[in-house]
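*Asks:* Sequence below, structure please.
(2 chains)
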Number of protein chains: 2
Amino acid sequence: MQHPLSAYVRNLHARFSTLRDGQVANYIPELGLANPDHFGIVLVATDGTIYAAGNCDQTFTIQSISKAFVYATALQDSGRTKVLRKVLVEPSGEAFNSISLDPVSGAPLNPMINAGAIAIAGLVGGGNAAAQWQRIASSLSAFAGRPLTVDERVYQSESDTGFRNRAIGWMLRNNNIIEDDPMPVVENYFRQCSLLVNCRDLGIMGATLANGGINPLTGQRVVDIEQVEATLSVMSTCGMYDFAGSWLYDVGLPAKSGVGGGILAILPGRFAVATFSPPLDAKGNSVRGIAVCRQVSRDLGLHMMSAMHNSDLVMASEYSAAEAPSKRFRAPQATRLLQENADRIRIIGLQGELTVDGIDRVARRFLNRRQADGPAIRLGVLSMHRVTSITASAARLLQELRRNISAEGGHLVFSHMQYCAGLEPAMRQALLPQQSGFLMFEDDDLAVEWCENCLLEILGHKEDTREAISLDDFSFFDGLDTAEKLALKGLLTSAQFAFGEEVIRAGDLNDPRVFLLLSGEVSVLMDTTNGHRQRIATLCHGMIFGELALLGQTMRTATIQADSDISCWVFTATALNELIYAYPQLKSKLLEKLARLFAGNLRQANSFIVKLVSAPYESQPKSRRWRDGEFYDRAAH
Amino acid sequence: MQHPLSAYVRNLHARFSTLRDGQVANYIPELGLANPDHFGIVLVATDGTIYAAGNCDQTFTIQSISKAFVYATALQDSGRTKVLRKVLVEPSGEAFNSISLDPVSGAPLNPMINAGAIAIAGLVGGGNAAAQWQRIASSLSAFAGRPLTVDERVYQSESDTGFRNRAIGWMLRNNNIIEDDPMPVVENYFRQCSLLVNCRDLGIMGATLANGGINPLTGQRVVDIEQVEATLSVMSTCGMYDFAGSWLYDVGLPAKSGVGGGILAILPGRFAVATFSPPLDAKGNSVRGIAVCRQVSRDLGLHMMSAMHNSDLVMASEYSAAEAPSKRFRAPQATRLLQENADRIRIIGLQGELTVDGIDRVARRFLNRRQADGPAIRLGVLSMHRVTSITASAARLLQELRRNISAEGGHLVFSHMQYCAGLEPAMRQALLPQQSGFLMFEDDDLAVEWCENCLLEILGHKEDTREAISLDDFSFFDGLDTAEKLALKGLLTSAQFAFGEEVIRAGDLNDPRVFLLLSGEVSVLMDTTNGHRQRIATLCHGMIFGELALLGQTMRTATIQADSDISCWVFTATALNELIYAYPQLKSKLLEKLARLFAGNLRQANSFIVKLVSAPYESQPKSRRWRDGEFYDRAAH
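*Replies:* Numbers count the residues shown, from 1 in each chain, chains lettered A, B, ... in the order given. As a prediction, this is how the structure comes out:
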């Protein structure tokens, strides 16, 4: 089976192969030798996946497309302030080789015309022209993800005939835009234009910009996101020379073309499109390249201004601690209090890129519920498991929200922050000087437990620390008659375990013990596939554990560990089975209890699953019968 | 508690109130009367939520900001081709009142300079100038969500002094850009500039563009998305006149300013920012407005070129039918076959805006698994429950993927399409002429059941239609000894139900019957809160139902309905309880069975929940102890 986009790109290639307009550039003799039939198209996703058709391994000189990448490099090395002082960013409305200097400052109008690009070549890092050339070559190679080399004959040809560019160099020197000998800078500019790339290279260079400055193949950060932002801005307004306005209108993508026949267009965060076809139109842009980009933008809906977005999607799920309590089981009074009040604890799962518009929606969820709830105390958990990044401004807004909730006696805590690199540092950075810190938990369960403890405290609940002393304190035995309880009591032996001890060990065979917890707490732990130990439950006095032994279970599936020094009563399922002749209903009463418990938990789990798989925002289906698969048959319409 | 963005906007207002540079426009006398202290800021989300500070109810004349909205209206009425023939879209690099006509065609260079805007005023719908004015007024009112009126004194003042604009009108008539008397068109232009808005109106007009052309307050579609796309493109390159390049570089938002003191900036899909402050700089832009927009873009991270995006997020969840089978229970052989093979059925839950980059990732999931699986037949369900929209190009790519899977004998079906208006029509539209149709189901469960049926057919399985005739065919009774089975048999009576009959009715009290299904099928149905009837399970011969009666359950929680004519054996829990003295282990064996069944289902449900709440893409947490809540304390660092 083939990927539809592979077929699409191949069809596009076949379709535009017949387009034979334009002339191969011949302003330097070497370029005139290009084969006008060469034609390559590459579509690259932000993860570096390439869909290619045609002559995509054929190298050609990068020419003016280099201007965008050298500009990004100069910004990285010299900083925006210095670069903007030397080269402006206004469209000139004139052709690529226009000199277009600002009448007041003498600065080139933008870095995409030759005058600007030459000035920019002098602004990359390195103490002298040789070091600057190394920097240009290595930076553009990092964008491409492989070492790029110069086509020496094209370079020589450019150097031999580049009189106008030398004139520009001296003009820039005259205006003090270049502060030293301009000739080595102009040579570097000739060299950068003569770098050899193929269509794939160009695509990956574009994907690196689309991916925010990180090369998706090598994983290397080539330039910071601010440089990408600035470079794409300049490409939008000036990248296609005096065709820029129509291009942005029609194709809607920041782009750059070169007289070598390449065009590169970028949809930030989504795709790069690179084309190669030497015949150019009167404005110096590849004829097939323009046609392909226009078609791709239309077919694939890539116009930047149509990028729609649903800010609500930042909230992947929302539920309350009443629907999914923590795994800490509590004494009856506390359990009841929580059942009645735990809907005040909201757990919201966030996902994807956290930006200000998304955090705005989160803040409104808190505000709106607050209004609906009246002045109730609010406890919130933001679960970050599926967050992939956060902007500095979103982090600031989130800290502000947390602070506003705290100011009214509520709490906003975070969980699962460890899954996204950079999330915790960004949240730290966003703290104001007067804010002391924030609370985060490894998982939702622990965060919810903390909120439940808070809620109980707010409700004035005092933890019941009395030792359970009779079977009546174990609700599991409700419904047994006096004789049955007495018989059961006869089976009990006493046992103590120290903090940290493993009472039951996962994997143990034929352990028939059932435990009645008299004091202290234990946790039920399971090892997950990734070597993590996951808490399933925490139990307190008055609860039983190991009860699956009553089902004749032969292997323990979880480890039970003492969270404090504990004391228990123990009986064995084997001993219980022996009572069955004297007390025929005893075992079935216990099994019925067990089945009822599981049935209740199962019902709760199933309704939670239904909640999780349905949309967190409101949507109403049109009414339908519950049971139909419908075939949309175009012949019938 | 207040929303952090409300506080932010108020702080911004306080901070820039002290900025007192600039001069109130006085090129017409009436504008010179504006109060230089008036200052309003509005930030609007795409759902119409407004964060406002300052003089946001103070009206002022919209002036040049009207150009953007009238341009969108003209595109809607006259079509892109006609409009582009009359007015180009290239930045002029010149001031707002420059005449800037193309030397060849005589067309204005863009619709944001006066010459272009006057030509555009003549391109809105309506047979004559009066009708055109009605159209302009009603369209701009629809953008604002309330009727806008003209400030007659400003209009009169503009009309009395607009000699240069009249000259432009005649120049356009001379170049045949305006084909009729230009004077009524120029008057309409004066009127459109004199429409009164306040900062909120401007914000909502901007939010309508940010929201793809639909006014978020009224829900009215004002212009189509292509018009929004085109208008925002022109605003990007020409909206701020000869300041456009620096503006896009620095602020990174399509924008438009007016000499009345308004500025409107838009981040498509996310926000609109509107400001009002009359003092202008030398280029005719509001001084405070520019400062505020620059600051907002920086603080809230709104620069358009930095809009990052994670295409993988389109997949909200992924699981196989082995992990979550359909609710149809099957005879043992079919069940075993499915258990072994149902991981070939993949259910992928999609979410949000479906665009080509997202569908690319979905297609690759299918391709990559296919490669890993070898040449296995593939069955896929795309669950659309959380999809909010689809682009035409994404729908085409999805249909192409479906067709490619079909071509190799697989199937891709859809579920939950009914939740998103426009989804099904878009999918229909995207069918190629040779494609006959596609299959969609109301929910995932029904789609999975259909795939399971397919898979069984592919595996050569023939449905076992033989009537169950002995207790041994009911796995529920495995482990009973001969005497117990015989005793149980003595309790059985025979019963038949017709297709559609309700065998058990939810809400019934004290129904002690347990059913053994001998032939036919029944469905377990529950009423959901939204009046929907949800299938919980479908059962076939060899299965039992009503078994919760064994737990002494007093109220039925689900309805059981015959999906065909069925025949059963029935016994009552009451009768079973009477056997307990003679067969003490019988009941506890059955209860143990029940508890074990529930425990197994519970374990499966819990691990499915863990899968659903964790990320669908790979992420590895850094190693930590399983139990810690960590307070990030800045004082300690």
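*Asks:* From A:Ala421, how far off is the closest residue in space to A:Arg166 that isn't next to it in sequence?
*Replies:* Leaving aside its chain neighbours, A:Arg166 sits nearest to A:Val186 (5.7 Å; criterion: Cβ to Cβ, 6 or more residues apart in numbering or on different chains). Every C-beta, even on glycine, is put in place using the N, C-alpha and C of the backbone. In this view, A:Val186 and A:Ala421 are 43 Å apart by Cβ to Cβ, to the nearest Å.
*Asks:* repeat for A:Gly48
*Replies:* With distances taken as Cβ to Cβ, A:Gly48 is found 19 Å from A:Ala421.
*Asks:* between those two, which one's more packed in?
*Replies:* More neighbours surround A:Gly48 than the other of A:Gly48 and A:Ala421, with 18 against 11 (other Cβ atoms under 10 Å in any protein chain shown).
*Asks:* for A:Ala537, helix, strand, or coil?
*Replies:* Three-state call for A:Ala537 (DSSP: H, G, I helix; E, B strand; the rest coil): strand.
*Asks:* That one: what's it in contact with?
*Replies:* Counting by Cβ atoms under 8 Å, 6 or more residues apart in numbering or on different chains, A:Ala537 touches A:327-329, A:523-524.
*Asks:* Next, the most centrally placed residue in chain A: secondary structure please.
*Replies:* In chain A, the residue lying closest to the centroid (Cα atoms, centre = their mean) is A:Thr388, at 2.4 Å. Of the three states, A:Thr388 takes strand under three-state DSSP.
*Asks:* contacting residues around the helix or strand hosting A:Met235?
*Replies:* Per DSSP states H and E: A:Met235 is located in helix A:225-238. By Cβ under 8 Å, 6+ apart, the surrounding residues in contact with helix A:225-238 are A:68-69, A:71-72, A:75-76, A:80, A:89-92, A:110-113, A:209, A:212-213, A:223, A:244, A:248, A:254-256, A:266, A:268, B:91, B:236-237, B:244-245, B:248-249, B:252, B:303, B:305-306, B:308.
*Asks:* from memory A:Glu484 sits against A:Ile580, does it?
*Replies:* No: with contact defined as Cβ atoms under 8 Å, A:Glu484 does not reach A:Ile580; the gap is 11.1 Å.
*Asks:* Quick check: neighbours shared by these two?
*Replies:* With Cβ under 8 Å, 6+ apart, A:Glu484 and A:Ile580 have common neighbours A:Leu586.
*Asks:* more crowded one of those two?
*Replies:* Taking other Cβ under 10 Å, A:Glu484 and A:Ile580 do not tie; A:Glu484 has more neighbours (20 against 15).
*Asks:* out of everything not next to it in sequence, what's closest to the more buried one?
*Replies:* Distances taken as Cβ to Cβ, 6+ apart put A:Leu586 closest to A:Glu484, at 4.9 Å, once the chain neighbours are dropped.
*Asks:* from the chain's centre, how far out does the helix or strand containing the one you found sit?
*Replies:* Taking DSSP H and E as the definition, A:Leu586 sits inside helix A:584-613. Offset of helix A:584-613 from its chain centre (Cα atoms, centre = their mean, to the nearest Å): 38 Å.
*Asks:* can you check stretch A:138-150 too?
*Replies:* 27 Å.
*Asks:* just stretch A:58-74 next, same as before
*Replies:* What separates the centre of stretch A:58-74 from the centre of its chain is 29 Å, taken as Cα atoms, centre = their mean.
*Asks:* ok, and for it, which residues are buried?
*Replies:* For stretch A:58-74, the neighbour count (16 or more other Cβ atoms under 10 Å in any protein chain shown) marks A:59-74 as buried.
*Asks:* quick one: which two of these are the most distant?
*Replies:* A:Thr59 and A:Ala74 (25.1 Å; Cβ to Cβ).
*Asks:* How about the residue in the stretch 301-450 of chain A that chain B sits nearest to: what's its closest non-neighbour residue?
*Replies:* At 3.1 Å from chain B, A:His309 is the closest residue in the stretch 301-450 of chain A, using Cβ to the nearest Cβ. Excluding the flanking residues, the one nearest A:His309 by Cβ to Cβ, 6+ apart is B:Gly269, at 3.1 Å.
*Asks:* Torsion angles phi and psi at that neighbour?
*Replies:* phi 80, psi 0 (degrees, to the nearest 10).
*Asks:* Show the pLDDT at it.
*Replies:* Per-residue pLDDT puts B:Gly269 at 87.
*Asks:* What of A:Gly162?
*Replies:* So, for A:Gly162, pLDDT stands at 92.
*Asks:* who touches it in this structure?
*Replies:* Contact analysis of A:Gly162 by Cβ under 8 Å, 6+ apart lists A:28, A:186, A:190.
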